[in-house]
Structures are given as C-alpha cells and as structure tokens.
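Q: Quick one, structure for this:
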Amino acid sequence: MRIGPWTLPNNVLVAPMAGVTDRPYRQLCKRLGAGYAVSEMAASNPRLWESVKTSRRLNHDGEIDPVSVQIAGADPAMMAEAAAFNVSRGARIIDINMGCPVKKVCNLASGSALLRHEDLIARILDAVVAACAPLGVPVTLKTRTGWDRTSRNALRVALLAQEAGIAALTLHGRTRADLYTGEAEYDTIREVKAALRIPVVANGDIDSPEKAKAVLDYTGADAVMIGRAAQGRPWIFREVDHFLRTGAKLSPPTTAEMRDLLLEHLDDHYRFYGEHTGVRTARKHIGWYLDGLPGAEEFRARMNLIDNTAEQSRAVASWFDGLVRGQAPAPAAGPVPARLAA
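A: Numbering: from 1, shown residues only. Model prediction:
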C-alpha cells in the first residue's frame, strides 16, 4: 500500500489512540510487524503546542519513517498552520481526525462532530492539503460512517476527500452516536472503497488474523487498522501480517516473551515520560498485558500502589518470572475489552 510517496511494508496499521499511541508504543508496534502507525491526536490550537502533553505527542526522536501526525480542529486556517508546524517538526504524513467521538472533542466542533458540516469538511481538507502539497507531504483522513445511523454520509465525505487531494482514507465502521458500542459494520466501507480511486483502510473490531482477512475480503479495502485489540497485545500485528501473507497462524508469544516485551516497553516508556508521569501512565499498559493471565487481578491491585518506576518494573519482572517457573500458558485471544480508541 502507498500513501503519497511512501510504500508501506505491509497493510496492517496501528490506529491513533489518545493516551495510548505515544512514541514508545508506536515504535514497539512497528518492531512487532505494524506497517504504519499514526500518532496520538495533536491539537491544532497554537496556544497548546508548547504544553508538556502536546510536546510529548510531537516528539518523534528516532521514530521509524514515515512519521504520521494526526491533527484535530475545526478552523481551516488553524488546521493548515498546525499541519505545516508538524511537518517542520518531522511529520512525513499529516492525518486529519474527523472520527473521534469523545464529547470533549465534539464539543469543540472537531473530530466526528464535523460530519454534520460537510461544507466545513471541504474547507478544512482543501486548506490542509494546500499547506502540505508544496512541502511534498501527503494528507490522509480518518473518519466514521456518519453522525448517527440515520445520517450516514461517509460516501459523500470520502468523495470530498478524494477531490481535495487526500492521499488515503481510513473509515471506522461506526457512527459517532455508536461510540464504541455494538459491532462495527463493513457495508459502508465496502461502498466507499468501490467508489474511490485512493487507498481505503478498514477500521473497527479487527481483533484477529481471521477477522482481518475477512474484512479485507468483504470490503476490498487496501489495509486494516487495529486499535483496541492491540492494547497489551502489540504482537497482533505480526500475527495478522503473517496470516495475510501465508494463510498460516503464528504461535502466540510465550509467557517469557511477553515478559521481555513488556519490560522493554516499560523501559522505553519510563525514559520517555520520566519518573513521576512514567510510573502512573504505565499502569494501564501493564493492566492490558496482564488481561487473562492467572492471578492478574490481585497483582494489578498491588502494582497500582507502587509509586516509583524501578519498583514497578521489578514487580512486573518478578510476577512474570513466577508464571514462567510455573509454566503458566500465555492467554489465548479472546473478546476485546471496550477500551477507548480514536
């Protein structure tokens, strides 16, 4: 799959997720088989660019190209300015968020709230593409099927995007009103793919190699994007890629490999966030890795009381060592918890 001048190594992509897809997580997913990863959503408001939170989201030091930054906002000129700013900070692809359903984003008339204003969508797309084209940077769009089930307008939005010069479109198979409830539907993705010349990426409820293949076969999409199913399970990308290429399933990681991957993730996470923030933001990742493992609930309760990174890392290592000595199996793939994803 190509996005502008970039040829991706495969068609299994990481979804942007607020509070999850930071640089350490993106790097790990790429190393474990993801062909592409989009950053957490960055605000288009220039007053926020120097904040600690936004500065971290714009940190791409050592990241594997192409670096893709997702921006959100409702003002065309401000979005264009944000795109150019992020290109100056290392972005090789700009992704526009018109899919986030979270209330605090929609209340600012951005994210999926834009789906109610197709005229504004067109102006934002034109402005961002115009800002990026002279810089040789392609622009992509991530959106949903509509505001609610009575007003699905993904096809009209997709055609606007193609006309504006958007290089690729990611479509989540839910409306804004659906949030993350119920099952994603793929009929709209199929309809959009049939109508467009640009690449289309299918997103929503893709949680296994078999599901990825079924969605690609049904929709005709060029790629799949995985979000919630990769939380605590970053090896899903190599599993899906291997299955799509060979038709064979990889063995799940051993408990020892899970331990090593988590400790590596934690080490990078601590160095990125520092002591105070690192120990706290790591807790959700540890909890996700532990889902389904024997004794995880009791350990998680104790681990959440630890307030320094060294002790947290030692506790995780010791707990996994106990599992390895007991030859406890790694958890099988199961239902995906309803976690927040962008």
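Q: In the stretch 101-250 of the chain, where is pLDDT below threshold?
A: The stretch 101-250 of the chain contains residues with pLDDT under 70 at 102-110.
Q: mind redoing it with 90?
A: In the predicted model of the stretch 101-250 of the chain, residues 101-113, 147-151, 176-180 satisfy pLDDT under 90.
Q: quick one: the strands in it?
A: 139-144, 168-172, 200-203, 223-226 (DSSP state E, counting those that start in this stretch).
Q: Export the ones you listed as CSV, with columns for mean neighbour count and distance to residue 264.
A: The way it works is simple: take the backbone N, C-alpha and C, and place the C-beta from them, glycine included. Below are the strands of the stretch 101-250 of the chain laid out as CSV (neighbours: other Cβ atoms under 10 Å; distance: least, Cβ to Cβ, whole Å):
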stretch, mean neighbour count, distance to residue 264
strand 139-144, 26, 28
strand 168-172, 28, 28
strand 200-203, 26, 27
strand 223-226, 25, 20
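Q: isn't residue 170 right next to residue 142, touching?
A: Yes - the pair residue 170 / residue 142 is scored as a contact, 4.2 Å apart, by Cβ atoms under 8 Å.
Q: Name the residues contacting each of these two.
A: 95, 99, 203 (Cβ atoms under 8 Å, 6 or more residues apart in numbering).
Q: Relative to the whole chain's centre, how far out is stretch 55-73?
A: 12 Å (Cα atoms, centre = their mean, to the nearest Å).
Q: For it, list every residue counted as buried.
A: 57-58, 60, 63, 66-73 (16 or more other Cβ atoms under 10 Å).
Q: one step back: can you tell which of the strands of the stretch 101-250 of the chain is closest to residue 15?
A: strand 223-226 (4.7 Å; Cβ to Cβ).
Q: Need the contact partners of that closest one.
A: Applying Cβ under 8 Å, 6+ apart, the contact partners of strand 223-226 are 1, 8, 11-15, 35-36, 170, 199, 201-203, 206-207, 212, 215-216, 236-237, 240.
Q: Narrow these to those that are buried.
A: For these, a neighbour count by 16+ other Cβ under 10 Å gives the buried set as 1, 8, 11-15, 35-36, 170, 199, 201-203, 206-207, 212, 215-216, 236-237, 240.
Q: Can you add distance to residue 23 and give the shared contacts of residue 170 and residue 142 back as TSV?
A: Shown next, in TSV, are the shared contacts of residue 170 and residue 142 (distance: Cβ to Cβ, whole Å):
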residue	distance to residue 23
95	16
99	22
203	21
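Q: wait, isn't residue 192 in contact with residue 152?
A: No - Residue 192 is beyond contact range of residue 152, at 10.4 Å (criterion: Cβ under 8 Å).
Q: quick revisit: make TSV out of the buried residues of stretch 55-73 and add secondary structure and distance to residue 309.
A: Converted to TSV, the buried residues of stretch 55-73 look like this (DSSP: H, G, I helix; E, B strand; the rest coil; distance: Cβ to Cβ, whole Å):
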residue	secondary structure	distance to residue 309
57	helix	21
58	coil	23
60	coil	23
63	coil	22
66	coil	31
67	coil	27
68	strand	29
69	strand	27
70	strand	28
71	strand	31
72	strand	31
73	coil	34
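Q: Out of the contacts of strand 223-226, name the ones that lie in helices.
A: Among these, the ones falling in helices (DSSP state H) are 212, 215-216, 236-237, 240.
Q: so how far does stretch 10-29 reach from one end to the other?
A: Counting by Cα to Cα, to the nearest Å, you get 13 Å between the two ends of stretch 10-29.
Q: for the nearest residue to residue 205 once chain neighbours are set aside, phi and psi?
A: Once flanking residues are discounted, residue 205 sits nearest to residue 184: 4.2 Å by Cβ to Cβ, 6 or more residues apart in numbering. Dihedral angles of residue 184 (phi, psi; degrees, to the nearest 10) stand at phi -70, psi 150.
Q: Make sure residue 184 is actually in contact with residue 175.
A: No - applying Cβ under 8 Å, one finds residue 184 not in contact with residue 175, separated by 10.4 Å.
Q: ok, these two, which is more surrounded?
A: residue 175 (24 against 20; other Cβ atoms under 10 Å).
Q: picking that back up, figure out which of the strands of the stretch 101-250 of the chain is closest to residue 266.
A: Judged by Cβ to Cβ, the one of the strands of the stretch 101-250 of the chain that comes nearest to residue 266 is strand 223-226, at 21.7 Å.
Q: Now do the helices in this structure.
A: Using DSSP H, the helices assigned to the chain run over residues 23-31, 52-57, 76-88, 103-106, 118-132, 154-164, 187-195, 209-219, 236-246, 255-273, 275-290, 296-303, 309-325.
Q: The ones you listed into CSV, with extra columns for distance to residue 230?
A: Converted to CSV, the helices of the chain look like this (distance: least, Cβ to Cβ, whole Å):
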stretch, distance to residue 230
helix 23-31, 7
helix 52-57, 18
helix 76-88, 24
helix 103-106, 21
helix 118-132, 27
helix 154-164, 24
helix 187-195, 19
helix 209-219, 12
helix 236-246, 5
helix 255-273, 12
helix 275-290, 9
helix 296-303, 18
helix 309-325, 19
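Q: Looking at the ones you listed, which is nearest to residue 179?
A: Nearest of the helices of the chain to residue 179, taken as Cβ to Cβ: helix 103-106 at 9.6 Å.
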